[in-house]
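K.L.:
pasting the sequence and the predicted model now:
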Amino acid sequence: MRIMIAAALAFCVAAPAIAADAPASEIADLRAFADAFDAAQIAQDRAALERMVADDLVFIDGSGKRYGKAFFIDGWTGADHDYDPVTLSDRVILPVGPDAGLASAETILSGRSAGKPFRVRIRFTDIFRRHGDSWQATYIHVTRMALDAPAP
């Protein structure tokens with residue numbers, strides 16, 4: 001347990017230095033993928049999500065349950081779902097090496113599911129790994145937040 005805590009602390013100290021050393025082109029590349037990934041979800045683009053999500057995806061939903069790729073993609077592409085455009089706030093794009101990075105933000109996700117309106121406030125973190133010339137989402141964690149909580 002102490003080794004895990006030490007490793008986590010070392011990562012937290014090193015991550016800003018890694019990001020500061022990352023060329024602007026790497027940050028732009030990671031941001032472009034994160035933007036495309038978010039757009040594919042809202043557009044319910046199953047083909048794009050199949051390419052953009054790693055087969056071994058770990059997806060932690062807002063209730064804390066762990067799922068995989070199929071569950072994640074099915075959740076976004078269900079025929080009875082319709083999503084409103086989103087605005088991201090408090091966004092962080094952080095390269096954590098030449099072949100890994102993360103995107104995190106807060107948003108209000110709204111739309112209709114089975115004909116009924118929904119509205120939830122979430123904070124998410126997507127971790128991406130480079131595979132050849134492209135990125136893939138390998139780990140996604142969502143936290144539900146109170147709708148009426150003050151924004152950061």
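P.N.:
Noted; the coordinates are in hand.

K.L.:
quick one, strands of the protein?
P.N.:
Along the chain, the segments classed as strands by DSSP state E run 53-60, 66-67, 81-83, 89-95, 100-113, 116-131, 134-145.

K.L.:
show me what residue 113 is bridged to.
P.N.:
residue 81, residue 116 (DSSP bridges).

K.L.:
measure it to residue 54 for me?
P.N.:
Residue 113 is 26 Å from residue 54, where distance means Cβ to Cβ, to the nearest Å. In short, each C-beta sits where N, CA and C put it, glycine included.

K.L.:
likewise residue 110?
P.N.:
In terms of Cβ to Cβ, residue 110 sits 28 Å off from residue 54.

K.L.:
mean confidence for stretch 106-123?
P.N.:
What stretch 106-123 shows for mean pLDDT is 95.

K.L.:
between the two ends of that stretch, how far is it?
P.N.:
Start-to-end span of stretch 106-123 (Cα to Cα, to the nearest Å) is 4 Å.

K.L.:
buried set for it?
P.N.:
For stretch 106-123, a neighbour-count test (16 or more other Cβ atoms under 10 Å) marks 106, 107, 108, 109, 111, 121, 122, 123 as buried.

K.L.:
for that stretch, what is the distance to the chain centroid?
P.N.:
The chain centroid and the centroid of stretch 106-123 are separated by 16 Å under Cα atoms, centre = their mean, to the nearest Å.

K.L.:
show me which helix or strand of the protein is least confident by mean pLDDT.
P.N.:
For the chain, counting by mean pLDDT, DSSP states H and E, helix 2-21 ranks last in confidence among helices and strands (a mean of 47).

K.L.:
returning to that earlier point: out of the buried residues of stretch 106-123, what pair is the most spread apart?
P.N.:
Greatest spatial distance among those (Cβ to Cβ): 111 and 123, at 18.3 Å.
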